[in-house]
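Participant: Here is a sequence together with a model predicted from it:
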Amino acid sequence: MPTFTAITTLTGKTPAEALGEAVETLTPEPEGVGVFEIEDGSGLWEVACYFTDTPDHAGLALLAVIHGAKPFAISELPETDWVAKVKRELSPVVAGRFFVYGSHDADKVPEGVEALLIEAAMAFGTGHHGTTQGCLRALDRLAAGGFSGRSVADIGCGTAVLAMAAARIWPNPVLASDIDEVAVDVARANVSANALGGRVHCVEATGFDHPDITAASPFDLVFANILKGPLIELAPDMAAHLTSGGYAILSGILNEQADEVISVYAQSGINLVHREEIGEWTTLTLGK
């Protein structure tokens, strides 16, 4: 069965949300509508729609004009088994001492690595994205330099791959939090699959706002692999929850956004130690 996407961009959250709601009144109705801010400092928002029937091209064009959006780019998608495709195309990732793999590559795990199993179906946070690789490399770099995390938190943990990596190399339990309930469920499943139950504690929270996080604070290492906007908002709380001499590993930052993030964190007394670019993404290691 063919499926279709229709995508446009426009300026401002309110107009974007209004367009997203308007698209849902079309016939045929979209199966799903997403409204997302494009995190490049442009102020643009994306409205993306998914249809299982041929969309109303004229209706979409009219709504785009009414709401001041660019014309919708409408595409028919081929029938694809996406999980099978991901399994074929995502090879294991090596980041320092860490080896991230799916169960379909279990026979490829070499000796002498810290192996982390993340299934291909859970594509965000498998380790293949430059942000996750950068964070794993930053963790490996700190550990190789003699740092040992006694109290570690992974804020916005996604699949919890970073929290699990820390739990693999250091003895104390690690806290992992995410704002999304589904992500927390995925994180817990991954923790179990990697035999780290009791070593990584996953909670649903916005930033540091959870009693378990408060009780474990301050931390000597915090991961935050999210996006520039939330990272900037998080800076004061990061300073409050990070020990003196502690580190923050930040990513989800486009290369051109890195200087702004560095500047904001410096104002909170958290300064640049190392930066690494992988593709279009930057990972920052900061020290308080």
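Facilitator: It's in.
Participant: what about residue 115, which SS state?
Facilitator: strand (DSSP: H, G, I helix; E, B strand; the rest coil).
Participant: Pull the number of nearby residues for residue 54.
Facilitator: 11 (other CB atoms under 10 Å). Heads up, the C-betas are built off the backbone N, CA and C, glycines and all.
Participant: Next, the contact list for it, please.
Facilitator: Neighbouring residues of residue 54 by CB atoms under 8 Å, 6 or more residues apart in numbering: 4, 28.
Participant: On the three-state scheme, it is what?
Facilitator: coil.
Participant: Now it, what are its backbone angles?
Facilitator: phi -60, psi 120 (degrees, to the nearest 10).
Participant: What of residue 179?
Facilitator: Torsion angles, degrees, to the nearest 10, at residue 179: phi -70, psi -20.
Participant: That one is in contact with residue 203, isn't it?
Facilitator: No. The pair residue 179 and residue 203 fails to qualify as a contact (CB atoms under 8 Å) at a distance of 10.6 Å.
Participant: now the nearest residue to residue 258 once chain neighbours are set aside: how far from residue 138?
Facilitator: Leaving aside its chain neighbours, residue 258 sits nearest to residue 282 (4.1 Å; criterion: CB to CB, 6 or more residues apart in numbering). The spacing between residue 282 and residue 138, counted by CB to CB, to the nearest Å, is 11 Å.
Participant: Could you do residue 250 as well?
Facilitator: If you go by CB to CB, the gap between residue 250 and residue 138 works out to 9 Å.
Participant: Look up the residues that both of these two are in contact with.
Facilitator: residue 283.
Participant: Nearest residue to the middle of this structure?
Facilitator: residue 226 (5.0 Å; CA atoms, centre = their mean).
Participant: who's in contact with that residue?
Facilitator: Per CB under 8 Å, 6+ apart, neighbours of residue 226: 155-156, 234, 252.
Participant: Which of those fall in helices?
Facilitator: Of the contacts of residue 226, the ones assigned to helices by DSSP state H are residue 234.
Participant: What is the nearest of the contacts of residue 226 to residue 65?
Facilitator: residue 252 (33.9 Å; CB to CB).
Participant: Check the gap between the closest one and residue 181 for me.
Facilitator: In terms of CB to CB, residue 252 sits 20 Å off from residue 181.
Participant: ok, the two, which is more surrounded?
Facilitator: Neighbours were counted for residue 252 and for residue 181 using other CB under 10 Å; residue 252 has more, 25 against 9.
Participant: which one of residue 250 and residue 138 has more residues nearby?
Facilitator: It is residue 250, of residue 250 and residue 138, that has more neighbours when counted by other CB under 10 Å, with 31 against 27.
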